[in-house]
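Novice: Prediction below, plus the sequence it came from.
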2 protein chains.
Amino acid sequence: MTMTAMTTLPLRVPPDEADPPRPLRWAVMGCARIAQKNVRAMFLSPWARLVAVASRDQARCEEWVLQHVPAVQHSEVRVFGSYEALLEDGDFDAVYVPLPTTLHEEWVSRIVAAGKHVLCEKPVGCTYASVVDMIRAARAKGVTFMDGVMFMHHPRLNKMLGQIFDPGCFWGPVNRVSSAFTFRADEQWLQGGDIRARASGDPLGCLGDLGWYCIRIAMCCFGFVQPEAARCVSFQLNADGVLIDLTAEVYWKNCEPGNVTRPNPVLHFHCSFLHSFRQWFEVCGNDRRITCQDFVLANTDKAEFVLERDLGLLDKATQPCADRREFPTFDSCQEAEMFSSFAKAVHGQQGTRDFYQLATLKTQAIVEAIAQSQKNGGTLVDVPAAQLP
Amino acid sequence: MTMTAMTTLPLRVPPDEADPPRPLRWAVMGCARIAQKNVRAMFLSPWARLVAVASRDQARCEEWVLQHVPAVQHSEVRVFGSYEALLEDGDFDAVYVPLPTTLHEEWVSRIVAAGKHVLCEKPVGCTYASVVDMIRAARAKGVTFMDGVMFMHHPRLNKMLGQIFDPGCFWGPVNRVSSAFTFRADEQWLQGGDIRARASGDPLGCLGDLGWYCIRIAMCCFGFVQPEAARCVSFQLNADGVLIDLTAEVYWKNCEPGNVTRPNPVLHFHCSFLHSFRQWFEVCGNDRRITCQDFVLANTDKAEFVLERDLGLLDKATQPCADRREFPTFDSCQEAEMFSSFAKAVHGQQGTRDFYQLATLKTQAIVEAIAQSQKNGGTLVDVPAAQLP
């Protein structure tokens, strides 16, 4: 596992890239709630400038800009009353897409056709095939495509992966990743008041909205080696057939099946709209583990992970002893880092753009296998290899 | 769930009992490693006195006493070269049984027949039926029977259950318990070098040895309401067919299946001899959770649990806000507390003895359902109601 990982994993996540020559000029397609923080992030990143916002309702869009865009930027942000009008104008470099998932396929393909770069919220598509199409189109047109997983751009991730993959750290194989990302929605929300609970908006429900992150962090920890199979362990649907609670497992190949000491590498995760707020993961090796309690919405003041290494049991085997280290990162805004990473990827090496596309493809492939397993009554479903189209 | 729990749960775990009139006089049957800490615990408890140790090898037993029993006690501890000789002597009140699980049925029944109380290591039996027999015999003879789950006697548990069940705490339903108890054994150990990896010693492997604790802590959190069903999610066996890694789920009845906001109550746990040392649990309610990182081998200096209550998202939904409280318990030795609880149970009310027997029966019933599911390829298996025989 370790060796395979080494050959696949970029040395750093985000990949190391030089500063771009100039900031990217951004348009936002849709006034979703999640766009609020990303509009602020564009303001905080030295490599992003917001220049346009489009919505299906011009008046609402103008109101939204007044409310959520910093006042000093109002003069340079143009407002469009339809997505078509935005694309016809075309005076921007990239589009941020926080639309409902069911609209991604149509609008990403139109943005790409217009020759613009795309930052697309997760889940990227309703199906794996649609994401292959989006990425094929982006590659054909030579535009950058990335999904909106903020933690990929937080300096904490790279620091943590260094503890796992740097040869001097002696981590050994990654045996298990556990993760939970849940929050508690109210009844109205769960019955379709929110787009994420509507089959017409986000048919993958909590799997696409929350599980996406659990899968992605595991992929980082397993060095972006694609797993072999996945399975839905248990789930709940709302009346619209949307997943509102899901437990799943994802299985990687055991490279030493004959070695009794080697566990099968696995991701176990829980994502749900029904439980109290949790956003943790735990990575287990042979003699150590890493834990993180805020992996999706990182604490901006001080974002930590904790590494504990077993030192055995003391005091008649009643007191476990461990070397415990906290690794803090201070004052980082991961959303702003995401927009900086994006600009660097646009002007950087092809390998960097490939990496982000592959990360999206592999994640969507796993999501699809789990969704399939849920429909099949929890059977084991093969995960496609997920290569660049 | 909450109401049912209230009527079943003792107000305190351990149940509140008066001090016994005198210490119990203990015999230890077998010089297992785990007996070392419990012999010390007898020394630390004001309500226990060690008076005899038996082993199949008199010389080894004498050596063991010299090594592990405090010197001031050597004069009052008698040594026996066989378990039969110990029982024939009979000059003690209770027997602590750390024997391999496959020997429990025979020796517990002989101890009970001799009219002595029994503290039996977990897993109590290889089968649920054998445990029903042991407890039926103990009840017929009027002796106390308890399993060796130390954390049941730690003051931390009662403090934590108060946060969940005291009406003034507004916890609401317990929705999910997650737990992991794992350690990493070496190859020789896993291939049967240790009794827990041998079908002839502990056929339930990590499920009986480690999963027992995960199940028990969940039962405490679900107010000792018995679950409906259980399932093995994934597992690994050694060449002897013993479980060395297991992930399982246990399902409680959803009392409001028509309420879209109500998740199905579940325990999810991982127990393994293949992973780095972990001993945590997490209990989720609607708007809060409790976590504990040392629930099996409690830190003696300061044993904590942490309660976090959601307060929503701040700062454009990037910063989760929670009320976080640490509840410490200082300077407690849970093994010593266990021997004190045992003496109190012997001299206390029948309800207290019933409670411990029920806890054992219910735990073994769940263990058996999971073991059955593992043999059946992961099917859902009903959990028996587990009533006192």
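Specialist: Received, thanks. Numbers count the residues shown, from 1 in each chain, chains lettered A, B, ... in the order given.

Novice: As CSV, could you dump the C-alpha coordinates of stretch A:276-296?
Specialist: Provided in CSV are the C-alpha atoms of stretch A:276-296 (Å, rounded to 0.1, in the frame of the first residue of the first chain):
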residue,chain,number,x,y,z
SER,A,276,-25.7,16.2,16.3
PHE,A,277,-22.9,18.1,14.6
ARG,A,278,-19.8,15.9,14.1
GLN,A,279,-17.0,16.3,11.7
TRP,A,280,-14.2,13.9,12.7
PHE,A,281,-11.9,11.3,11.2
GLU,A,282,-9.4,8.8,12.7
VAL,A,283,-6.6,7.2,10.7
CYS,A,284,-5.1,4.0,12.1
GLY,A,285,-1.7,2.5,11.4
ASN,A,286,0.0,-0.4,13.1
ASP,A,287,1.2,1.5,16.2
ARG,A,288,-0.2,4.9,15.8
ARG,A,289,-3.3,6.9,14.9
ILE,A,290,-4.2,10.4,13.8
THR,A,291,-7.4,12.1,14.8
CYS,A,292,-9.0,15.3,13.8
GLN,A,293,-12.2,16.8,15.2
ASP,A,294,-12.9,19.6,12.7
PHE,A,295,-11.8,18.3,9.3
VAL,A,296,-14.6,19.8,7.2
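
Novice: How about it and chain B, touching?
Specialist: Yes - using C-beta under 8 Å from any C-beta of the partner chain, stretch A:276-296 reaches chain B at A:Ser276, A:Phe277, A:Arg278, A:Gln279, A:Glu282, A:Cys284, A:Gly285, A:Asn286, A:Asp287, A:Arg288, A:Arg289, A:Asp294. Every residue, glycine included, has its C-beta placed from N, CA and C.

Novice: what do you get for stretch A:317-329?
Specialist: Yes - shown here: stretch A:317-329 in contact with chain B (C-beta under 8 Å from any C-beta) through A:Ala317, A:Thr318, A:Gln319, A:Pro320, A:Ala322.

Novice: how far does that stretch sit from the chain's center?
Specialist: Put simply, stretch A:317-329 sits 29 Å off its chain's centre (C-alpha atoms, centre = their mean, to the nearest Å).

Novice: Can you tell me the centre-most residue of chain A?
Specialist: Nearest residue to the geometric centre of chain A (C-alpha atoms, centre = their mean): A:Val149, 3.0 Å.

Novice: Identify the residues contacting the nearest residue to A:Cys120 once chain neighbours are set aside.
Specialist: Distances taken as C-beta to C-beta, 6 or more residues apart in numbering or on different chains place A:Val97 nearest to A:Cys120, at 4.6 Å, with adjacent residues excluded. Taking C-beta atoms under 8 Å, 6 or more residues apart in numbering or on different chains, we find A:Val97 in contact with A:Met29, A:Gly30, A:His104, A:Trp107, A:Val108, A:Ile111, A:Val118, A:Leu119, A:Cys120, A:Glu121.

Novice: could you redo those residues as TSV and give each row neighbour count and distance to A:Ala48?
Specialist: Formatted as TSV, the contacts of A:Val97 follow (neighbours: other C-beta atoms under 10 Å in any protein chain shown; distance: C-beta to C-beta, whole Å):
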residue	neighbour count	distance to A:Ala48
A:Met29	26	15
A:Gly30	22	18
A:His104	22	21
A:Trp107	21	20
A:Val108	26	19
A:Ile111	27	17
A:Val118	26	14
A:Leu119	25	10
A:Cys120	26	16
A:Glu121	23	16
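
Novice: Throw those residues into TSV and include secondary structure, thanks.
Specialist: Listed next are the contacts of A:Val97 as TSV, based on DSSP: H, G, I helix; E, B strand; the rest coil:
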residue	secondary structure
A:Met29	strand
A:Gly30	coil
A:His104	helix
A:Trp107	helix
A:Val108	helix
A:Ile111	helix
A:Val118	strand
A:Leu119	strand
A:Cys120	strand
A:Glu121	coil
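
Novice: Where does the residue nearest to A:Asp186 when sequence neighbours are not counted sit: helix, strand or coil?
Specialist: Nearest residue to A:Asp186, sequence neighbours excluded (C-beta to C-beta, 6+ apart): B:Thr261, at 6.8 Å. Judged by three-state DSSP, the three-state class of B:Thr261 is coil.

Novice: Just give me the neighbour total for A:Pro15.
Specialist: 20 (other C-beta atoms under 10 Å in any protein chain shown).

Novice: need the contact list for it.
Specialist: A:Ala345, A:Gly348, A:Gln349, A:Gly351, A:Thr352, A:Phe355 are the contacts of A:Pro15 under C-beta under 8 Å, 6+ apart.

Novice: again, only using 7 Å
Specialist: Neighbouring residues of A:Pro15 by C-beta atoms under 7 Å, 6 or more residues apart in numbering or on different chains: A:Thr352, A:Phe355.

Novice: what are the ranges of the helices in chain A?
Specialist: A:2-8, A:33-44, A:58-68, A:83-89, A:104-113, A:128-141, A:155-165, A:187-188, A:205-206, A:212-221, A:334-347, A:350-375 (DSSP state H).

Novice: right, is stretch A:357-371 up against chain B?
Specialist: No - using C-beta under 7 Å from any C-beta of the partner chain, stretch A:357-371 stays clear of chain B, with a minimum separation of 13.7 Å.

Novice: quick one: average pLDDT of that stretch?
Specialist: The average pLDDT within stretch A:357-371 is 97.

Novice: can you check stretch A:20-33 too?
Specialist: For stretch A:20-33, mean pLDDT rounds to 95.

Novice: What's the end-to-end length of that stretch?
Specialist: In stretch A:20-33, first residue to last residue: 29 Å (C-alpha to C-alpha, to the nearest Å).
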